[in-house]
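Student: Below are the sequence and a predicted model; questions follow.
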Amino acid sequence: MIDARALSKRFHDRKRGEIRAVEDLSFRCLPGRIYGLLGANGAGKTTTLRLLATILEPSDGTAVVAGYDVVEHPEKVRASVGFLSTATALYPRLTAQEMVEYFGRLNGLGETTLRRRVDELFERLEMNGFRDRRCDRLSTGMKQKVSIARTLVHDPPVMIFDEPTVGLDVMTARSIVAFMRECRESGKTVLFSTHVMSEAEKLCDTLGIIHNGRLLAEGTLPQLREQQKEQDLEEIFVKLVTAEPRAKEDCGQ
Amino acid sequence: MSLRNAGIVYRKEFTEAIRDRRTLVSTILVPLLVFPLLTAGFGYLSLKLIGKARTEVQRVMVLGGAGSPDILQGIRKLDSIEVLPPAADYAQRIVNKEIQAAVDVPPGFQAALARGDAPTIKIYMYEGEIKSSFGAERVEKFLSDYRTQLTQRRLAAAHLSPSLLKPFEVQQENVAPPEKVGGAALGGVVGYVVILLCLTGAMYPAMDLTAGEKERGTMETILTSPVGRTDLVLGKFLLVLSASLFTAVLSVFSMGASFYLLGKTGGLVAGPGSLVLAISFKAVAVVFLMALPVAVLFSAALLSIALFARSYKEAQTYLTPLTFLVVIPAIGSLLPGAELNARLALVPILNVSLLCKEIVSGTYHWNYIALIFLSACLYAAAAVWVAVKLFQRESVLFRS
């Protein structure tokens, strides 16, 4: 489970002064469900996910991920999370197997467990054909599979996806979507950020609309439709965002 | 801090490094080639060129000389000298390297000598041009010998002893052992090259493991793993240090081997004496010991600076001026008269450079060695601390 409690993140920029990337953000993602964080570019999605994955430290507030506090036990949180984004690239000079093994070892897996787990993942994701191929010689689809195997090697209870389909072709994007569904079915807590309405509509059990670092609305799609008296998710999103008092301010991140 | 995790990071970085051609070139190829090229190659080549210039036939133009047959005949008889007829553009031809020198023998020179006058012979040459120097030298030596013979004849005719003109002799004699002479000549270069190679060996891996990772997007990937930032920086630092030390070991080894082989083959013959470029095993060991903290300092400093950069290119921009900062004190030891003292022993890089100069020439001031080693360790520790702190700063890791 992910329980964000009044999370805030401020950055300091020499030219722009203080930037409030995330402000007083509270939401809850449950196991076996996909929570979609929906927002425009610069809304604070990536910062929120980085805070939850303990890549960044919150300025205020905290979050509990898989039972661990992000401020007090960041390393335990990271051991319980699989984080996938288009920014999380692969080491070009490692082979697909070495890449996955590296993250398995960093996650504390013993050699026997690691070997079994790697074999299992390579079999399941049909990666045996390029097991010993260097990552810089893999196709985009193959790379995506290695990234997925990398996030799953330690079998984390929480999966965080930061716009994982951006820039991918249709087939690769579909495999990522299928993978997210699989994670939900296996009882994992899935947090997913996107600005693609159709993807959010298809995948998410709960939606949170974020703008200027603040959560504007939250609920299931029927609940949001009911609250906003609109049927189309895009219309709901636009209505909420344009009604927000700070909408015209620089949202910077 | 988990040494296990730092070890895992190190192992992975090592695997990637040995698969990277650029790292292999900077850590293995360059140090292995520098010393043989510098000593055997460069030394052999320069000796060969000097030798060739010395034995080559020099073209000398004789201007005037009417009524001085002895002089003209003497110059013509000189080995490897080709005498050319006079021409008005002799100066231009010297500058164009068509001829090496020109001798201006004034008319009636020999008659003037017989009268007891002191006429002047001028030799025109191209200063700094080695072949011209050799040509001019040969003619000058002949004239000098001719003058000595004339003086002796005049003294004999006047029944005077030759010691009248030279009441006593002055003689210079070297008492330093040959290795010290060689060390004094090349000691500064050794320290300088070892220091520079420690830096260049660490430079590429440091950029690749920090700015390179940011650029490739793998920095965020590793930050999502449970590895602590201190373990991460330690693993990366150890790899950069390994590269730097490996470069230092190879350069010291290559230096020792080059000098040993050169010593075996009789050393370099430079001028009248023999310059022996031998370096003892003890010297090699101490130079390596001193290179250790320097390598630590460079590794941590390079890692910190390169981490600050957003891209590989930016890191190169930051690190290029650093090369000059290192080269300037390192080259300080090459300055004539630059000697180690208590104050200079605390100046980073320059201290090790000066110490290497002493060590290579066989002088061991153990108090300075201890002081320099300790101060270098202190600077190195400070640099490692800075690197660890920088890895914990979000503004540096996610600088955009």
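Tutor: Structure's in. What do you need?

Student: For the stretch 51-200 of chain B, give me the ranges with low pLDDT.
Tutor: B:178-188 (pLDDT under 70).

Student: Which single residue of it ends up nearest chain A?
Tutor: In the stretch 51-200 of chain B, the residue found nearest to chain A is B:T200; the distance is 20.9 Å by C-beta to the nearest C-beta. Placement of C-beta: from N, CA and C, glycine included.

Student: Share the number of residues neighbouring that residue, please.
Tutor: Close neighbours of B:T200, defined as other C-beta atoms under 10 Å in any protein chain shown, add up to 21.

Student: does the closest residue to it other than its chain neighbours count as helix, strand or coil?
Tutor: Once flanking residues are discounted, B:T200 sits nearest to B:S26: 5.8 Å by C-beta to C-beta, 6 or more residues apart in numbering or on different chains. Under DSSP: H, G, I helix; E, B strand; the rest coil, B:S26 falls in the helix class.

Student: contacting residues for B:S26?
Tutor: B:T200, B:G201, B:M203, B:Y204, B:A243, B:T247 (C-beta atoms under 8 Å, 6 or more residues apart in numbering or on different chains).

Student: Output these in TSV, with secondary structure appended to each entry.
Tutor: Formatted as TSV, these follow (three-state DSSP):
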residue	secondary structure
B:T200	helix
B:G201	helix
B:M203	helix
B:Y204	helix
B:A243	helix
B:T247	helix
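
Student: got the phi/psi numbers for A:N41?
Tutor: A:N41 adopts backbone torsions of phi -60, psi 130, taken as degrees, to the nearest 10.

Student: number of nearby residues for the residue in the stretch 201-350 of chain B that chain A sits nearest to?
Tutor: Closest approach between the stretch 201-350 of chain B and chain A, counting by C-beta to the nearest C-beta: B:G217, at 3.4 Å. For B:G217, the neighbour count with other C-beta under 10 Å is 14.

Student: how close does A:Y68 get to A:I55?
Tutor: Counting by C-beta to C-beta, to the nearest Å, the gap from A:Y68 to A:I55 is 15 Å.

Student: same check, this time on B:T320
Tutor: 31 Å.

Student: higher neighbour count, these two?
Tutor: The residue with more neighbours, out of B:T320 and A:I55, is A:I55; 22 against 10, by other C-beta under 10 Å.

Student: Give me every residue in the stretch 301-400 of chain B that's in contact range of chain A.
Tutor: Residues of the stretch 301-400 of chain B found near chain A (C-beta under 8 Å from any C-beta of the partner chain) are B:E394, B:S395, B:F398.

Student: Which of the helices or strands spans the second one?
Tutor: In this case it means B:S395. helix B:394-397 (DSSP states H and E).

Student: Of all the residues in that helix, which ones are buried?
Tutor: B:V396, B:L397 (16 or more other C-beta atoms under 10 Å in any protein chain shown).

Student: for that helix, packing partners?
Tutor: Here helix B:394-397 touches helix B:281-308, going by 3 or more C-beta pairs under 8 Å, 6 or more residues apart in numbering or on different chains; DSSP states H and E.

Student: After the helix it packs on, heading C-terminal, what element do we hit next?
Tutor: helix B:312-332.

Student: other SSEs contacting that following helix?
Tutor: On a contact count with 3+ C-beta pairs under 8 Å, 6+ apart, helix B:312-332 meets helix B:178-209, helix B:211-216, helix B:281-308, helix B:350-360.

Student: What residue in chain A comes nearest to chain B?
Tutor: A:A89 (3.4 Å).

Student: dump the residue contacts of that residue.
Tutor: Taking C-beta under 8 Å, 6+ apart as the test, what A:A89 contacts is B:R216, B:G217, B:T218, B:E220, B:T221.

Student: Skipping adjacent residues, who's closest to it in space?
Tutor: B:G217 (3.4 Å).

Student: A:P92 is in contact with the one you found, correct?
Tutor: No. Counting by C-beta atoms under 8 Å, A:P92 is not a contact partner of B:G217; they are 10.5 Å apart.

Student: coming back round to it: I'd like the contacts of B:S26 as JSON lines, with distance to A:M99 appended.
Tutor: Below are the contacts of B:S26 laid out as JSON lines (distance: C-beta to C-beta, whole Å):
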{"residue": "B:T200", "distance to A:M99": "30"}
{"residue": "B:G201", "distance to A:M99": "27"}
{"residue": "B:M203", "distance to A:M99": "26"}
{"residue": "B:Y204", "distance to A:M99": "22"}
{"residue": "B:A243", "distance to A:M99": "22"}
{"residue": "B:T247", "distance to A:M99": "28"}
